[in-house]
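Asker: Here is the input, now give the coordinates:
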Amino acid sequence: MRSAKAGEAGSRETSTSDLTARARIRDAAINRFAVEGFGASVRAIAADAGVSAGLVMHHFGSKDKLRAECDAHLLATIGRLKRENVAAAAAGQSFFHKFAAAEENAPVVGYVLRSMQDGSALAQAFIGHMVDDAVGYTKDGVAAGVIVPSRDEVARARYLTLSSLGALLLEVTLSPPSDPSDLAGIVRGYFTNSYLPMMELFTEGFLTSRRMLDEYLMYVPDPPSGEE
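Answerer: Numbering: from 1, shown residues only. You can find the predicted model right below:
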């Protein structure tokens, strides 16, 4: 009986260890992909995680499957961070304290940037999922009363997501960092150059009247509604 219980305990320990190793490999891959791109080798990822290349293959089977798990993990992380921002705004809290945390999440920014530069089918699917998720958390913001409703919530979420991603890509392309591995520095540079104009546009608007919108709505017979 004692032997069986010891075996069960050993099995649980092994299972926990395997789970920890899997997460460690995934996180190492995210960082390595963010810095080096998706051409990074399994050996480099294994070295970062402190495991063998064989253990990486044991857990994930292939580098493509490892990357797919990184995609899924980061999509969940991005969605969580966005919803936390919406909840903080709805509660009347300042979100500027999250700027420091944004540097901690710099690998997320680097990974997204590499995905846009990669342009593969997997990268396109990753960006597509980001757009789909944006529809959900902008609707959450509307429901919480911190985002103005749109005539077409889906189109707006897609535009805002692609605009922000495009701005990030162009910022790094036109003003490349001296150290591409300094992901936190890239985030700081993006904040420095982009957040004031972004906040002005989001909170104060750009045009002094809605004449252009009224003209467009007259041109479009049946503008879409948020429900559609």
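Asker: give me the low-pLDDT residue ranges for the protein?
Answerer: 1-19, 92-103, 221-228 (pLDDT under 70).
Asker: hmm, 90 instead?
Answerer: Scanning the chain with the threshold set as pLDDT under 90 gives 1-21, 35-36, 75-141, 144, 146, 161, 164-196, 198-199, 202, 215-228.
Asker: need the contact list for the residue nearest in space to the middle of it.
Answerer: With distances taken as Cα atoms, centre = their mean, the residue of the chain nearest its centroid is residue 78 (4.0 Å). Residue 78 makes contact with 108, 112, 130, 133, according to Cβ atoms under 8 Å, 6 or more residues apart in numbering. Any C-beta I mention is one placed from the backbone N, CA and C, and that applies to glycine too.
Asker: Secondary structure element holding the second one?
Answerer: Residue 112 is located in helix 106-118, with elements delineated by DSSP states H and E.
Asker: how about that helix: buried residues?
Answerer: Neighbour-count burial for helix 106-118, with 16 or more other Cβ atoms under 10 Å as criterion, is recorded at 106, 107, 108, 109, 110, 111, 112, 113, 114, 115, 116, 118.
Asker: Farthest pair within those residues?
Answerer: 106 and 118 (18.3 Å; Cβ to Cβ).
Asker: circling back: got TSV for the contacts of residue 78, with distance to residue 199 too?
Answerer: Below are the contacts of residue 78 laid out as TSV (distance: Cβ to Cβ, whole Å):
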residue	distance to residue 199
108	21
112	21
130	21
133	22
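Asker: Among those, which one sits closest to residue 55?
Answerer: residue 108 (24.9 Å).
Asker: was I right about that closest one contacting residue 77?
Answerer: Yes: Residue 108 sits in contact with residue 77 when judged by Cβ atoms under 8 Å, with a separation of 6.1 Å.
Asker: who does the helix holding residue 112 touch, helix- and strand-wise?
Answerer: Helix 106-118 is packed against helix 2-36, helix 63-90, helix 121-144, helix 153-174, helix 183-204, with contacts defined by 3 or more Cβ pairs under 8 Å, 6 or more residues apart in numbering; DSSP states H and E.
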